[in-house]
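**Student:** following is a predicted model, sequence given first.
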Amino acid sequence: MDSAAFLLLALMSAGTLLQVRGTDNVTALYGETITVPCNGGAPPPQDLMFIKWKYEKDDGTPGDLLIKHAHKDKETVQATDDYAQRVHIDDKFSLLIDQASLKDQKTFTCMVVSNSNLMEYPVSVVVNKKPSSVNITDKPAVLQKDKPTPVGTCIAADANPAAMITWKKNGKPLVADGKAVVITSSTKLDPATGLSTTYSTLQYAATKEDMGAIFVCVSTHKLINEETELKPFPIHYPSEKVSLQIMPKGPIVEGSNVTLKCNADGNPPPSSFLFHIKDQKILVENSDTYTLTDIRREAAGEYKCSLAKNEKMEDSQNMVVSYLDLSLSPTGKVVKTVGDTMDVKMEKNASGDAETTWTKNGVRVSKPQFAKLTFADAGLYVCEVSMSGLMRKKSFELIVEGKPVITSLTKHRADDAQHKVLTCEADGVPEPSFQWSVNGTNEESSYINGKATHKITVIPRVNLTVTCSVSNKLGDDVKTINVSSVFKEKKEERGSQEDSEDQSKLIVGVVVGLLMAAAVVGLIYWLYMKNSRQGSWKTGEKEVGTSEESKKLEENNHTV
């Protein structure tokens, strides 16, 4: 028996009362140091003799750990098992246990012995450990629509206490219903370490709306909560609907290429289809399209496509082929003679309403009708027929031939008054040639739309009769014009000017003569009046006569 045990026995024999306090609880972390306080960390009594730590073994018997006397610096380790290398005591008399494990989940008792008392303070130790990992295994490549498919098994390994596992989809908890959501959980205890591993398997019956859904495994533990996320799964489901598409979507024009596209809503999409083309079944594998080239109007009608493995799942579309035919008579180059008649026939055959337009030399006109051809009717005629997506065009070039006809023969004096310019104009096709009966200079000619013009410059020294002759392979025409001499015209102009000057001189002479006559009459009258008045001034006699005679005399004077 050691001295501490002997002393303890002596104290108990002396009637010292052993007092035991209620059990405290301490939680420690797995693998770290456990600190077990003595009496909650309160200071020991002043008359302390020693403190002893002991524990309860698995079989219920007590086991000593260490003892420390009040006046000694070092403790004395009494343990002989695994604790011998792991227990210590600090300056507050707390028990320290290195490398905590689940085997340390026991009741440890601190015995405080003083001169006057003996106290025991039991402490229950619990060791917690967070999961070493949270992983998801058994993940599938895809999920099946309406069929429970394992999403994965979530494992929270080596924890104490065991972790609890739940599942979420798109952030919302999944609740097991035994049908669309099936969750199976279990826990496995490692007998060597005492740690627990939790397993949870999720089975889920997906829908089309679950495409892109995110599933999350949630591990809940006293020490930590962890979430492990799964990448979205593709959802596989069989086709429920087939649709046929005809491309292009607009009007289908005869002669173009048409593509039939068969769509199915399954995932993954079907890889083979049957195209029903005019009582034929064409199998297309690893593609969903079939192309018809250079389509004809006879191809119009109903087309179908179906799944190669299920022909009852099909769709059909009616295809309309637009076409447009145009015939025109005549076409190409047409040569006619002035005065002829010509019929123009145009026929069209179209799948819908078509618009017809005519142009002549690029200018829009009505449909040409030729009862009696003229040179003006010549030109390039184009007939254009169009409808949605289609246009047809045909043309003819009308040439109206005829012998030339002179339409105008004129003359005028040049600006220098020394020359005469003669102009001859004629209609005719082919282009006519011109001949003059006189020689000329500065010839000018033009030919536009069947109208020919020819000019010459001459110096007629005498009066002339000039002939213009025109001709082509179909005939000729002649016209004459009188042309006076430029010299005679000048002489006549000068004579006319001299006569005009003589007439002017005559008029001036007459006017001067009249003025002179008027002046003579005025002068005679003035002399008469002067003589009459001077006679009465010389005699100084009074005028004899009645007032009536005086008035008559006065009237006579005024009359003169």
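**Tutor:** Good, I have the coordinates. Numbering: from 1, shown residues only.
**Student:** where does the stretch 451-560 of the chain have low pLDDT?
**Tutor:** For the stretch 451-560 of the chain, the stretches with pLDDT under 70 are 487-513, 517-560.
**Student:** what do you get for the chain?
**Tutor:** Ranges of the chain meeting pLDDT under 70: 1-18, 487-513, 517-560.
**Student:** tell me which stretches of it form helices.
**Tutor:** Along the chain, counting by DSSP state H, helices occupy 3-13, 486-539, 547-559.
**Student:** max-length strand in this structure?
**Tutor:** In the chain, taking DSSP state E as the definition, the longest strand is strand 390-413.
**Student:** quick check: neighbours of that strand in the sheet, parallel or antiparallel?
**Tutor:** In the sheet, strand 390-413 lines up against strand 332-337 (parallel), strand 379-387 (antiparallel), strand 420-429 (antiparallel) (DSSP bridges).
**Student:** and the last one, how far out from the chain's middle?
**Tutor:** Computed by Cα atoms, centre = their mean, to the nearest Å, the chain-centroid distance of strand 420-429 equals 64 Å.
**Student:** do the second one as well
**Tutor:** Centroid displacement of strand 379-387 relative to its chain, using Cα atoms, centre = their mean, is 37 Å.
**Student:** what residues of that strand count as buried?
**Tutor:** The neighbour-count check on strand 379-387 (16 or more other Cβ atoms under 10 Å) flags Gly379, Tyr381, Val382, Cys383, Val385, Ser386, Met387 as buried. C-betas here are computed from N, CA, C, even on glycine.
**Student:** so what's the third one closest to, chain neighbours aside?
**Tutor:** Taking Cβ to Cβ, 6 or more residues apart in numbering, and ignoring the residues beside it in sequence, Val382 has Ser395 as its nearest neighbour in space, at 4.3 Å.
**Student:** check the last one too.
**Tutor:** The shortest distance from Met387 to any non-neighbouring residue, by Cβ to Cβ, 6+ apart, is to Ala354 (4.3 Å).
**Student:** what's the burial count for that neighbour?
**Tutor:** By other Cβ atoms under 10 Å, 18 other residues sit near Ala354.
**Student:** please apply the same query to Phe108.
**Tutor:** 24.
**Student:** turn the buried residues of strand 379-387 into CSV, including distance to Lys54.
**Tutor:** Below are the buried residues of strand 379-387 laid out as CSV (distance: Cβ to Cβ, whole Å):
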residue, distance to Lys54
Gly379, 131
Tyr381, 128
Val382, 122
Cys383, 123
Val385, 117
Ser386, 112
Met387, 110
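**Student:** looking at the residues you listed, which is nearest Val365?
**Tutor:** Ranked by distance to Val365 (Cβ to Cβ), the buried residues of strand 379-387 are led by Tyr381 at 8.0 Å.
**Student:** surely the closest one and Ser395 touch.
**Tutor:** Yes: the criterion here is Cβ atoms under 8 Å, and Tyr381 meets it with Ser395 at 6.1 Å.
**Student:** and of the buried residues of strand 379-387, the nearest to Lys188?
**Tutor:** Closest to Lys188 out of these is Met387 (80.3 Å), distances taken as Cβ to Cβ.
**Student:** the closest one against Lys348, yeah?
**Tutor:** No: the criterion here is Cβ under 8 Å, and Met387 misses it with Lys348 at 9.6 Å.
**Student:** give me the common contacts of these two.
**Tutor:** Leu324, Ala354 (Cβ atoms under 8 Å, 6 or more residues apart in numbering).
**Student:** tell me the contacts of Leu307?
**Tutor:** Ser239, Val242, Ala264, Pro270, Ser272, Phe273, Leu274, Met313, Glu314.
**Student:** go through those residues and say which is closest to Gln203.
**Tutor:** Comparing the contacts of Leu307 against Gln203 with Cβ to Cβ picks out Ser239 as the nearest, at 24.6 Å.
**Student:** report the contact partners of that closest one.
**Tutor:** For Ser239, the contacting residues are Ala264, Asp265, Gly266, Pro269, Pro270, Leu307, Asn310, Met313, by Cβ under 8 Å, 6+ apart.
**Student:** quick one, strands of the stretch 101-250 of the chain?
**Tutor:** All strands of the stretch 101-250 of the chain, identified by DSSP state E, counting those that start in this stretch, fall at 107-114, 118-128, 133-137, 143-144, 149-159, 164-169, 172-173, 181-189, 196-204, 215-220, 225-229, 235-236, 242-247.
**Student:** want to try a markdown table for those strands, with distance to Gly339 as columns?
**Tutor:** Shown next, in a markdown table, are the strands of the stretch 101-250 of the chain (distance: least, Cβ to Cβ, whole Å):
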| stretch | distance to Gly339 |
| --- | --- |
| strand 107-114 | 140 |
| strand 118-128 | 123 |
| strand 133-137 | 102 |
| strand 143-144 | 90 |
| strand 149-159 | 94 |
| strand 164-169 | 95 |
| strand 172-173 | 97 |
| strand 181-189 | 100 |
| strand 196-204 | 96 |
| strand 215-220 | 96 |
| strand 225-229 | 97 |
| strand 235-236 | 86 |
| strand 242-247 | 57 |
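**Student:** measure how buried the residue nearest to Leu464 when sequence neighbours are not counted is and give me the count.
**Tutor:** Excluding the flanking residues, the one nearest Leu464 by Cβ to Cβ, 6+ apart is Val483, at 4.6 Å. By other Cβ under 10 Å, 17 other residues sit near Val483.
**Student:** for Gln46, same thing?
**Tutor:** Residues near Gln46, counting by other Cβ under 10 Å, number 8.
**Student:** and it, backbone torsions?
**Tutor:** Note on Gln46: backbone dihedrals following degrees, to the nearest 10 are phi -70, psi -30.
**Student:** that one and Val112: what is the separation?
**Tutor:** Separation of Gln46 from Val112 (Cβ to Cβ, to the nearest Å): 12 Å.
**Student:** ok, now Ser386?
**Tutor:** The gap separating Ser386 from Val112 is 115 Å, by Cβ to Cβ.
**Student:** go on, Ala180?
**Tutor:** Relative to Val112, Ala180 is positioned 63 Å away (Cβ to Cβ).
**Student:** more crowded one of the two?
**Tutor:** Val112 (22 against 14).
**Student:** excluding its backbone neighbours, what's nearest the more buried one?
**Tutor:** Met119 (4.5 Å).
**Student:** so the one you found touches Asn39, yeah?
**Tutor:** Yes: at 7.4 Å, Met119 counts as touching Asn39 under the criterion of Cβ under 8 Å.
**Student:** hey, what's in contact with both of the two?
**Tutor:** By the contact definition Cβ under 8 Å, 6+ apart, Met119 and Asn39 are jointly contacted by Arg21, Val112.
**Student:** Trp167: neighbour count?
**Tutor:** Trp167, neighbours per other Cβ under 10 Å, totals 22.
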